[in-house]
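>>> can't give you the sequence, but here's the structure:
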């Protein structure tokens, strides 16, 4: 398994090597990344899965994995997600990592995260101050289908995309 911490740190509990401790101190990785990486390593071992990061907001933890790694991370019948939910005490969503360069990349993240709600589109909104943000358009008929509170989901998508995101119902 490929993770943001080394294999020795994946196998041990409670202690990080100096290099990984430095990443943690500098904010490159978080305590949640370390905890989720160790739990995933215990569940799926040396499988060919790339764990990128974990993002938390409200009662939801989103695990970001490499392309094509979602099924193995979820496990047969959702076995791994059920164990992660029990260990972390929060709901779990697993999505593929996307490098955000254009609105279509934000749409991919939003589509994965907001399922079963649909995503109509993503716009870039330019503020008078010169900043901008992504506006995710969700059909109003899917308002009750989104898997959490709008503010929580906006926070998570913003953390993953590295840009401000707002969800609007149309």
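Cool, the structure landed. In this text, all values refer to a predicted model and were calculated from it rather than measured experimentally. Residues are numbered from 1 along each chain as shown.
>>> doesn't residue 22 make contact with residue 9?
No - using C-beta atoms under 8 Å, residue 9 is not in contact with residue 22, being 11.9 Å away. Placement of C-beta: from N, CA and C, glycine included.
>>> out of those two, which sits in the busier spot?
Between residue 9 and residue 22, counted using other C-beta atoms under 10 Å, the more crowded position is residue 9 (22 against 12).
>>> Could you name whichever residue is most remote from the centre of this protein?
Here the chain reaches farthest from its C-alpha mean at residue 128, the gap being 30.4 Å by C-alpha atoms, centre = their mean.
>>> Need the per-residue pLDDT for it.
Looking at residue 128, its pLDDT is 94.
>>> Is it in a helix, a strand, or coil?
coil (DSSP: H, G, I helix; E, B strand; the rest coil).
>>> What separation do you get for it and residue 16?
Distance, residue 128 to residue 16, by C-beta to C-beta, to the nearest Å: 45 Å.
>>> Then residue 132?
For residue 132 relative to residue 16 (C-beta to C-beta), the value is 37 Å.
>>> Look at the two and report which has more neighbours.
residue 16 (18 against 13).
>>> Could you give the bridge partners of the residue most central in space within the chain?
Taking C-alpha atoms, centre = their mean, the centroid of the chain lies closest to residue 62, which sits 3.5 Å from it. As for beta bridges, residue 62 partners with residue 55, residue 93 under DSSP bridges.
>>> All the helices of the protein, in order from the start?
7-11, 18-26, 31-44, 70-74, 79-88, 103-114, 150-161 (DSSP state H).
>>> would you turn those helices into CSV with distance to residue 52 and mean pLDDT?
Below are these laid out as CSV (distance: least, C-beta to C-beta, whole Å; pLDDT from 0 to 100):
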stretch, distance to residue 52, mean pLDDT
helix 7-11, 15, 90
helix 18-26, 14, 93
helix 31-44, 9, 93
helix 70-74, 11, 93
helix 79-88, 15, 95
helix 103-114, 12, 91
helix 150-161, 9, 92
